[in-house]
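Asks: could you look at this predicted model? Sequence included:
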Amino acid sequence: MSQRSPEREQNGAVSDHTTSTRLIASAAREGLAPLGLRRLGRSRRWYDDRGWWVIHVEFQSSRSAGTYLNIGAMWLWVDKNFWTFDEGDRLYWRDDGSFTYDPQYGESGWLQFLDFLRVEQFSRDLPSLVQIAARRVTELLASDPDALQERILATIHATRQRLKLPPSVITAPTARPGADVRGLPSPGAARCRPSSG
C-alpha cells in the first residue's frame, strides 16, 4: 500500500501551507537575519539569544496557510520545555505600519492574521509584515536593560507572593553568555535545558 504525500492532498491546503512556510522563511531571512535572528530548524520561529533572555518571533500557522505574528521576550532563568512570550504576545498591525499588542476594543482597522489566498497576494503582503516584525525586534534590542531588569524583578516578586514561595525558590537571572537555545523545541519536540552559567 503506497502512502500519499501530504503535499499532494487533493484540497491543496497542505501544499499551500508548505508554500507559505517557504515564502515566510525567505522574507524573514531578508528582514530578520540582518538583525541577528536565526531560524529554528525548518520552523516558522526566529530567535536571538541575548544571554538570559531570547527575542522570539513566531509566524504562527493556523488551519489555513496564512500566519499570525507573535513577538516578544522569553526569560531563560527557569528550565522549560516550550517556547513562551513572557513579555509580548500576538501583534496586531494596520496597513499604515503601526502595531500594538493590545488594540482598543472596538477600534477598527487592526489586523492579526495575514491570509494566504494566492501565492502572488501572499508574496506581495508578506514583506510589510516582516518589516513590522523587524521594527518590533529593533525596539526589543534597544530596550533599556535596567528597565527590563526591573520588570523581570517585579515579575519574580509577584510570582513569589502569589505562590507563597521563599526567595530562594525563584531567583533573579544571571547572564548566560554563549548559552545555546537551539535545543528549545518546536511544539512536541525535544526539551530545553538552559545552562546555569
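Replies: Structure's in. What do you need?

Asks: residues near residue 121, how many?
Replies: 12 (other C-beta atoms under 10 Å). Backbone N, C-alpha and C define where each C-beta goes, glycine included.

Asks: helix, strand or coil for it?
Replies: With DSSP: H, G, I helix; E, B strand; the rest coil as the basis, residue 121 sits in helix.

Asks: if I look at it, how far off is residue 147?
Replies: 40 Å (C-beta to C-beta, to the nearest Å).

Asks: hey, where'd the helices end up in the protein?
Replies: Listed from the start of the chain, the chain has helices (DSSP state H) covering 13-31, 119-141, 145-163.

Asks: reformat those as JSON lines; add distance to residue 81 and mean pLDDT.
Replies: Conversion of the helices of the chain to JSON lines gives the following (distance: least, C-beta to C-beta, whole Å; pLDDT from 0 to 100):
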{"stretch": "helix 13-31", "distance to residue 81": "23", "mean pLDDT": "91"}
{"stretch": "helix 119-141", "distance to residue 81": "23", "mean pLDDT": "96"}
{"stretch": "helix 145-163", "distance to residue 81": "19", "mean pLDDT": "73"}
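
Asks: once you drop chain neighbours, what's closest to residue 73?
Replies: Using C-beta to C-beta, 6 or more residues apart in numbering and skipping the chain neighbours, the partner closest in space to residue 73 is residue 87 (4.4 Å).

Asks: wait, doesn't that neighbour sit right on residue 56?
Replies: No: in this structure residue 87 lies outside contact range of residue 56 using C-beta atoms under 8 Å: 9.9 Å.

Asks: which neighbours do the two have in common?
Replies: Contact criterion C-beta atoms under 8 Å, 6 or more residues apart in numbering; residues shared by residue 87 and residue 56: 72, 73.

Asks: can you pull the contacts of the residue most central in space within the chain?
Replies: For the chain, the residue lying nearest the average C-alpha position, counting by C-alpha atoms, centre = their mean, turns out to be residue 57 (2.5 Å). Contacts for residue 57 were tallied using C-beta under 8 Å, 6+ apart; they are 28, 32, 37, 45, 46, 47, 69, 70, 71, 133, 137.
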